[in-house]
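Student: Okay, here's the prediction I keep looking at, along with the sequence it came from:
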Amino acid sequence: MNSNLLKKSDDSSKHISLFAATALGIGGMMGAGLFSLLGTASAHAGTHIPLAFLLGAIAASFSVYSYAKLGATFPSSGGAATFTVMSFGDGLISGGLNVFQYIAYLIAAALYAAGFSEYANTMIGGNLSSFDVKIIGAVIVILCAGINLLGTDIVGRAETLAIGFVTIALLLFSAGGIHAANFSHFEMSSWSINGIAVATGILYINYQGFGVVTNSSNAMQRPQRELPLAMFTALALVTIAYILVGTASVLLLTPTQFAQFNGHVLADAARIIDGQLGLVVIGTSALLACAAALNATIFAASNIAADMAIKRSISAMLGATVLKTQTRALSVSSIIVIALVIAFPLDVVGKMASLAFLLVYAAITYGHIQVRHKTGAKLWPLRAAIIINLSLFTTLFINVVQSAPGSAIALTVALIGSFGLEGLSRKYLTGRLGSNS
């Protein structure tokens with residue numbers, strides 16, 4: 001039965017093009033972080049937001065290198081979840097990491113859903129109650145889950161259409177913002193290394209979407225060539241867009257206005273450029289970008305869960321029950337994302353997501369070192385990825401403990417719980433479930 005499920009999963013995800021894979025990566029990156037976390041990052045970096053974006057891209061590039069090498073060598077719809085098993089073996093470490101990164105994807109998806117609902121509220125006047133805003137977030141999760149049920153090809157087409165509009169709108173915003181800015185009134189804010197590092201950590205979630213592309217590697221005709229090209233192309237295009245948008249934003253708005261418009265900075269900046277029309281265009285772009293990122297991230301999370309369950313490389317309890325098939329995994333993933341949207345505000349879930357992925361990328365790259373003789377990867381970029389990710393994690397985690405201890409506690413519980421669940425499952429359930437299969 002497991003082999004049939006794997007065959008069915010593989011058949012449903014064939015023939016994703018290089019263009020669609022690149023769009024999937026852009027969709028995973030260009031989401032709520034850009035539209036909703038600028039105000040939070042500006043509180044630490046001031047007018048140096050473009051620099052924080054650039055540093056985030058440089059930091060992410062080392063992890064992209066690691067993931068591209070791993071994905072080309074071990075193509076699978078499980079993506080990073082497969083990498084842990086190949087690197088650490090089928091044991092407690094790989095199982096615990098897989099459960100944790102599954103949770104990390106769900107946290108990121110909740111961020112994108114929350115971003116969508118915040119901009120939806122802004123578009124209709126900002127008069128909705130907090131409960132109504134959360135209901136909008138739940139509805140968009142359900143809609144994106146429905147799109148994912150239609151298959152990888154449909155997901156790729158949806159990403160292409162959405163990201164095409166968003167890219168054009170952001171380029172127009174950047175050009176219009178730079179043109180409309182009064183350079184004589186611009187003042188560079190003060191800065192600190194720690195402040196820019198914290199802002200880089202906050203904005204790092206914008207780049208986590210590169211991992212989404214690896215989940216489509218087994219659907220590529222030539223993953224060894226197409227996967228690295230799709231990942232680095234997506235990273236480069238998104239980085240250019242982020243720097244341009246960040247530059248236009250700091251030229252149009254003061255740090256005080258960033259704080260005042262926190263959560264919908266770009267919408268208010270667009271209003272300065274072109275009044276209500278600017279608000280509508282950027283607001284629509286925000287909705288599409290958040291929906292595209294949510295769509296791509298749910299796609300990745302459900303594929304991780306289903307692929308690992310089918311191959312019995314994840315917690316036996318999860319694999320034999322709630323994550324037994326891809327459809328069930330998608331349904332369970334969506335329910336958890338909705339719960340996160342309802343439970344946490346956008347800024348809290350945003351920091352949790354960045355912290356989670358910084359930790360996951362460091363762990364997976366450490367495992368990559370153990371198998372680099374198979375992937376052909378150079379050692380120094382892998383070491384650089386580990387050092388950079390752990391440094392940003394430490395800096396951001398200290399800030400989160402001081403400013404939002406609840407999110408630090410929740411993340412710690414998720415990490416410990418992931419390995420605890422995996423350990424209990426392997427000790428008490430693996431043999432029993434194996435005898436029943």
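Tutor: Cool, the structure landed.

Student: Is it correct that G25 is in contact with L235?
Tutor: Yes: G25 is within contact range of L235, at 7.5 Å (criterion: C-beta atoms under 8 Å). For glycine as for every other residue, the C-beta is placed from the backbone atoms N, C-alpha and C.

Student: and A68, what is it in contact with?
Tutor: 227-228, 231-232 (C-beta atoms under 8 Å, 6 or more residues apart in numbering).

Student: what about I163, distance to L288?
Tutor: I163 is 8 Å from L288, where distance means C-beta to C-beta, to the nearest Å.

Student: what about those two, which has more around it?
Tutor: I163 (27 against 23; other C-beta atoms under 10 Å).

Student: what's near enough to touch the more buried one?
Tutor: 23, 26-27, 30, 288-289, 292.

Student: So which bits of the helix or strand hosting L24 are buried?
Tutor: Using DSSP states H and E, L24 falls within helix 18-29. For helix 18-29, a neighbour-count test (16 or more other C-beta atoms under 10 Å) marks 18, 20-29 as buried.

Student: Check which helices and strands it is in contact with.
Tutor: helix 152-180, helix 210-214, helix 223-252, helix 265-310 (3 or more C-beta pairs under 8 Å, 6 or more residues apart in numbering; DSSP states H and E).

Student: Please identify the deepest-packed of those helices.
Tutor: Mean neighbours per residue, mean count of other C-beta atoms under 10 Å, is largest over the helices and strands packed on helix 18-29 for helix 210-214, with a mean of 31.

Student: would you put the C-alpha positions of that one in CSV?
Tutor: Taking Å, rounded to 0.1, in the frame of the first residue of the first chain, the C-alpha atoms of helix 210-214 are listed here in CSV:
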residue,chain,number,x,y,z
PHE,A,210,13.7,28.9,-1.5
GLY,A,211,13.2,25.7,0.4
VAL,A,212,9.8,25.3,-1.2
VAL,A,213,11.4,24.7,-4.6
THR,A,214,13.2,21.5,-3.4
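
Student: How far off centre is it?
Tutor: 9 Å (C-alpha atoms, centre = their mean, to the nearest Å).

Student: What count of nearby residues applies to G195?
Tutor: Around G195 there are 20 residues (other C-beta under 10 Å).

Student: Where does pLDDT dip in the protein?
Tutor: 1-15, 27-28, 31-32, 77-78, 148-160, 300, 302-326, 429-437 (pLDDT under 70).

Student: so how far is I58 from V64?
Tutor: From V64 to I58 the distance is 11 Å (C-beta to C-beta).

Student: ignore the last one, F19
Tutor: 26 Å.

Student: and if you look at A234?
Tutor: 15 Å.

Student: now T233
Tutor: Distance from T233 to I58, by C-beta to C-beta: 16 Å.

Student: If you tally nearby residues, what's the number for the residue nearest to I205 when sequence neighbours are not counted?
Tutor: Nearest residue to I205 in three dimensions, chain neighbours excluded: S354, at 4.3 Å (C-beta to C-beta, 6 or more residues apart in numbering). Here the number of neighbours of S354 (other C-beta under 10 Å) works out to 31.

Student: Could you do P345 as well?
Tutor: 15.

Student: ok, now A120?
Tutor: 20.

Student: can you check K378 too?
Tutor: K378: 11 neighbours (other C-beta under 10 Å).

Student: and it, what is it in contact with?
Tutor: R372.

Student: how far away is it from A138?
Tutor: According to C-beta to C-beta, K378 stands 45 Å off from A138.

Student: cool, I16 as well?
Tutor: For I16, the distance to A138 - C-beta to C-beta - is 29 Å.

Student: neighbour count winner among these two?
Tutor: I16 (24 against 18).

Student: Is that one in contact with S216, as I believe?
Tutor: Yes: in this structure, I16 is within contact of S216 by C-beta under 8 Å, at 4.8 Å.

Student: Could you check which of V64 and I58 is surrounded by more residues?
Tutor: Higher neighbour count among V64 and I58: V64, with 25 against 13, using other C-beta under 10 Å.
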